[in-house]
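Novice: Task: produce atomic coordinates for the following.
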Amino acid sequence: MGPRALAARLPGNAVKELLRYRGEAAPLGRLLSVPGSGPALQRRSPGSRIVTTAAAPYSSSSAVDMRSYLWAMYKETKKVSEDLTFPGRLNFLNPDGIFANNEVCLSDIEIYGFDYDYTLAFYSSNLHTLIFNAAREILIQQHKYPEDLRNYDYNPNFVIRGLHYDVQKGIVMKIDAFHYIQLGTTYRGLSPVPDEQVIEMYEGTHVPLEHMSDFYGKSSHGFTMKQFMDIFSLPELTLLSCVNDYFIKQNIDFEPVYLYKDVKEVIRDVHVKGILYAAVEQDIDKYISHEEKTSAVLGRLIDSGKKLFLITNSPFSFVDKGMQYMVGKDWRDLFDIIIVQAEKPAFFNDNRRPFRRANQRDQLHWDKISKLEKGKIYKQGNLYEFLKLTGWTGSKVLYFGDHIYSDLADLTLKHGWRTGAIIPELRSEIKTMNTDTYNQVVVWLQGLTGLLERMQTYEDAESRMVLQEWIKERNELREATKTIFNPQFGSIFRTHHNPTYFSRRLSRFADIYMASLSCILNYNLHNTFYPRRTPLQHEASLWSDQIGASPFKYPDVEGLAQIK
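Specialist: Residues are numbered from 1 along each chain as shown. Next up, the predicted model:
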């Protein structure tokens, strides 16, 4: 009997039941225990839960029948997946939406705070090329690295944010929320490290907590991993990979720790010695993005009676030039408090550093600061003194920044401010997720995974062979969901199925997140952002039974903005 005839053995009611699962293979027991489905057996699942599964419709000794039966289920599940993903159906995520990890009501927010770089100011891709080239030249000229390094240009598509770098081994990798390395995302230099070598080096794929980076993602106090969390770190990690690549290909013996420290030092010089700031100020039109609507966002907040403040690590002259370009010469009138060169995250933790007043030429005054005045410029200081002088405490304050650790972590854990993360990569990732190609792959991946989970109880030789074919296809689908975002490392938010380590920290330290501040213009200032009640693993079946419909049936794009 062929597969079509076998598929026909499923009654119409069973097909309807399968359709309820919207792309996830329905439990075989449900399909075959609905009225008219014929006999079924009970078995105990791995979690000791009694479930109903199909009685083998054919003799267990008949390998052909069992194989045909499994492929019939495969074809039926795939048909359901295809029905769910016809062109244009799932194009619903709003790239300019605001997404909530924790409930935030804007009506409760009286004070808005901002970082500057990649929060108020967005930069063109030219900035990362500038950082890479300047740091490379310092390596060659001052640290006497080989001049052939000039043959390496900045590649904006090699690394992604949130990756970990093993300082002692010179390896970059992507780690998930449970400290497991995602195989296929491990690189030494610009070349992938074979999975078997990764497993041998790390005695598996788990990275112990004591080897991970410290709280702020740094490699210090004996930690062997450095996490590259902010957007400015992408040129650094790319340069690190290029130098590693050159030394390896030229068979030059080197100590990875020293290479890491040298690259870290020259990147710091690009910032600290003013190379970056001077270049941007001289050609601001080249480096600051024209697409963001910073002025409109600030104006709307002011018109609504909100108080605004700025806390940034950048120097005043640099901020002033950028804000005049984006907002206008009178930009300082919008802010109640302006703090530059704050040295975050120390600003949030070290209460021994007093504020110091500066003028527009970055000249410092020595008078003691007893109040923070509008229109004045302050340098350094600390959050404890800031809270004492302003009284801006608790959840009436919402602070935006792009660095999950340096900008947001302490505010969430120690001070009770609400936090908003600016994640520019979000916009492009959502656009990719909205493509028909991505949705077809993901829905079928979920369907095939569900089918594998339920059919793995069949242990005869023929069934095992079929399941191995499915596992191979599933691995190919998983790889496709990675490379569609970035060929080397995939999405910054997911490994194959788990959240990334970056995503885990984002969900912990950011109440809301978005691609840019401009997203605020899509909402009124009384809007409440609600996190979606996504089911926990043990709730999934109950969730499906209770809802009984696809989660994709939301009425409009604005309502879809928070779907995760």
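
Novice: Local confidence estimate at Asp65?
Specialist: With respect to pLDDT, Asp65 scores 85.

Novice: start at 49 instead
Specialist: In the new count, where the first residue is 49, that last one comes out as Asp113.

Novice: List the buried residues for the helix or strand encompassing it?
Specialist: In the assignment (DSSP states H and E), Asp113 maps to helix 111-132. Buried residues in helix 111-132, counted by 16 or more other CB atoms under 10 Å: 113-122, 124-126, 128-129, 132. (Each C-beta comes from the backbone N, C-alpha and C, glycine too.)

Novice: Ok, stretch 144-156 next?
Specialist: In terms of neighbour count (16+ other CB under 10 Å), stretch 144-156 has its buried residues at Asp144, Gly145, Ile146, Phe147, Ala148, Asn149, Val152, Leu154.

Novice: Geometric centre of this structure: which residue is closest?
Specialist: Centroid-nearest residue in the chain: Phe541, 3.2 Å away (criterion: CA atoms, centre = their mean).

Novice: Quick check, pLDDT for the residue nearest to that one when sequence neighbours are not counted.
Specialist: Among residues not flanking Phe541 along the chain, Ser551 sits closest, at 4.5 Å (CB to CB, 6 or more residues apart in numbering). Listed pLDDT for Ser551 reads 95.

Novice: which is the next helix or strand following the helix or strand harbouring Ser551?
Specialist: Ser551 is part of helix 549-557, with elements assigned from DSSP H and E. Scanning forward in sequence from helix 549-557 by DSSP H and E, the next helix or strand is strand 560-562.

Novice: Just list what that following strand packs against, helices and strands only.
Specialist: strand 146-148, strand 466-470 (3 or more CB pairs under 8 Å, 6 or more residues apart in numbering; DSSP states H and E).

Novice: circling back to that earlier point, closest to Tyr561 among the buried residues of helix 111-132?
Specialist: The closest of the buried residues of helix 111-132 to Tyr561 turns out to be Leu132 (CB to CB; 27.8 Å).

Novice: quick one, phi/psi of Asp458?
Specialist: Dihedral pair for Asp458: phi -70, psi -30, per degrees, to the nearest 10.

Novice: and Glu185, how many neighbours does it have?
Specialist: Glu185 has 16 neighbouring residues, counting by other CB atoms under 10 Å.

Novice: Any figure for the gap between it and Cys290?
Specialist: Distance, Glu185 to Cys290, using CB to CB, to the nearest Å: 13 Å.

Novice: And for Pro547?
Specialist: Distance from Pro547 to Cys290, by CB to CB: 29 Å.

Novice: Counting neighbours, go ahead and name the busier of those two.
Specialist: Per other CB under 10 Å, whichever of Pro547 and Cys290 has more neighbours is Cys290, with 22 against 17.

Novice: Which other helices and strands does the helix holding Asp113 contact?
Specialist: With contacts defined as 3+ CB pairs under 8 Å, 6+ apart, helix 111-132 has these neighbours: helix 51-55, helix 60-67, helix 484-503, helix 509-531.

Novice: With respect to Arg581, which of the ones you listed lies nearest?
Specialist: So among those, helix 484-503 is nearest, using CB to CB, at 19.0 Å.

Novice: Now do the closest one: which elements does it pack against?
Specialist: Using 3+ CB pairs under 8 Å, 6+ apart, the elements in contact with helix 484-503 are helix 111-132, helix 509-531.

Novice: how about that helix: buried residues?
Specialist: Applying 16+ other CB under 10 Å to helix 484-503 flags 486-500, 502-503 as buried.

Novice: Could you report the pLDDT at Ser110?
Specialist: Predicted confidence (pLDDT) at Ser110: the value is 58.

Novice: So which residues of the stretch 199-348 of the chain form helices?
Specialist: For the stretch 199-348 of the chain, applying DSSP state H, counting those that start in this stretch gives helices covering 243-249, 281-297, 304-320, 323-330, 332-335, 342-351.

Novice: From the contact counts, what lies against the second one?
Specialist: Right, helix 281-297. In terms of contacts (3+ CB pairs under 8 Å, 6+ apart), helix 281-297 is packed against helix 174-189, strand 219-221, strand 235-236, helix 304-320.

Novice: per-residue confidence averaged over it?
Specialist: What helix 281-297 shows for mean pLDDT is 97.

Novice: Need the CA coordinates for it. PDB is fine.
Specialist: Provided in PDB are the C-alpha atoms of helix 281-297 (Å, rounded to 0.1, in the frame of the first residue of the first chain):
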ATOM      1  CA  SER A 281      33.200  46.600  19.800                       C
ATOM      2  CA  LEU A 282      32.600  45.200  16.300                       C
ATOM      3  CA  PRO A 283      35.600  46.800  14.700                       C
ATOM      4  CA  GLU A 284      37.700  45.600  17.600                       C
ATOM      5  CA  LEU A 285      36.600  42.000  17.300                       C
ATOM      6  CA  THR A 286      37.000  42.100  13.500                       C
ATOM      7  CA  LEU A 287      40.600  43.500  13.800                       C
ATOM      8  CA  LEU A 288      41.400  40.800  16.400                       C
ATOM      9  CA  SER A 289      40.200  38.100  14.000                       C
ATOM     10  CA  CYS A 290      42.200  39.600  11.100                       C
ATOM     11  CA  VAL A 291      45.500  39.800  13.100                       C
ATOM     12  CA  ASN A 292      44.900  36.200  14.300                       C
ATOM     13  CA  ASP A 293      44.300  35.100  10.800                       C
ATOM     14  CA  TYR A 294      47.500  36.700   9.500                       C
ATOM     15  CA  PHE A 295      49.700  35.200  12.200                       C
ATOM     16  CA  ILE A 296      48.200  31.700  11.700                       C
ATOM     17  CA  LYS A 297      48.500  31.800   7.900                       C
END
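
Novice: Report the separation between the residue lying closest to Pro547 once chain neighbours are set aside and His176.
Specialist: Distances taken as CB to CB, 6+ apart place Ala225 nearest to Pro547, at 4.5 Å, with adjacent residues excluded. Separation of Ala225 from His176 (CB to CB) stands at 27 Å.

Novice: now Leu474
Specialist: Using CB to CB, one obtains 18 Å as the distance from Leu474 to His176.

Novice: and what of Lys354?
Specialist: As judged by CB to CB, Lys354 and His176 stand 33 Å apart.

Novice: So which of the helices of the stretch 199-348 of the chain is nearest Leu197?
Specialist: helix 281-297 (5.9 Å).

Novice: Quick check: buried residues in that closest one?
Specialist: Neighbour count says helix 281-297 has 281-295 buried, by 16+ other CB under 10 Å.

Novice: Same check on stretch 168-175?
Specialist: Leu168, Ala169, Phe170, Tyr171, Leu175.

Novice: where's the helix holding Asp113 relative to the chain centroid, distance-wise?
Specialist: Computed by CA atoms, centre = their mean, to the nearest Å, the separation of helix 111-132 from the middle of its chain amounts to 35 Å.

Novice: Could you check the angle it makes with helix 509-531?
Specialist: In terms of direction (axes from the mean of the first three to the mean of the last three CA atoms, to 10 degrees), helix 111-132 departs from helix 509-531 by 30 degrees.

Novice: Helix 111-132 to helix 484-503, inter-axis angle?
Specialist: Counting by the same axes, to 10 degrees, helix 111-132 lies at 140 degrees to helix 484-503.

Novice: coming back round to it: Trp414 is nearest to which of the helices of the stretch 199-348 of the chain?
Specialist: Among those, if distance is taken as CB to CB, the winner is helix 304-320, at 23.6 Å.

Novice: elements contacting the closest one?
Specialist: Applying 3+ CB pairs under 8 Å, 6+ apart, we find helix 304-320 packed against helix 174-189, helix 281-297, helix 323-330.
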